[in-house]
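Undergrad: Pasting the sequence and the predicted model now:
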Amino acid sequence: MKTGNLFNQGDSVTVLKTGESLTISKFQFVKHMKKYCYKVQEQPNTFYFEEEFEGSKK
């Protein structure tokens, strides 16, 4: 199934503001904001939007 998200489960990403390397554990589309949010393995109670990661096109 093709989705519009930039990152998938298991991808390693870098947070733009901190330079911290994290691993995506799950992602979800936030309908009213029209963008994807991501949970990471290293911080299970924190979520990020894709524009907060290095390599995002936004």
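TA: Thanks, I have it.
Undergrad: use CA for all of it now, contacts and neighbours both
TA: Fine.
Undergrad: got a list of what G10 touches?
TA: With contacts defined as CA atoms under 8 Å, 6 or more residues apart in numbering, the neighbours of G10 are T23, I24, S25.
Undergrad: Would you mind listing where this structure has pLDDT under the threshold?
TA: Low-confidence regions of the chain, defined by pLDDT under 70, span residues 1-2, 56-58.
Undergrad: Name the residue closest to the centre of it, please.
TA: Nearest to the geometric centre of the chain sits Y38, at 3.7 Å (CA atoms, centre = their mean).
Undergrad: all strands for the chain, in order.
TA: Secondary structure of the chain (DSSP state E): strands at 12-14, 21-30, 35-40, 47-49.
Undergrad: how about these in TSV, adding distance to T3?
TA: Formatted as TSV, the strands of the chain follow (distance: least, CA to CA, whole Å):
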stretch	distance to T3
strand 12-14	18
strand 21-30	10
strand 35-40	10
strand 47-49	15
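Undergrad: most packed of these?
TA: Among the strands of the chain, ranked by average contacts under mean count of other CA atoms under 10 Å, first place goes to strand 35-40 (a mean of 19).
Undergrad: Who are the packing partners of that strand?
TA: With contacts defined as 3 or more CA pairs under 8 Å, 6 or more residues apart in numbering; DSSP states H and E, strand 35-40 has these neighbours: strand 21-30, strand 47-49.
Undergrad: what pairs with it, and is each one parallel or antiparallel?
TA: Strand pairing for strand 35-40, determined by DSSP bridges: strand 21-30 (antiparallel), strand 47-49 (antiparallel).
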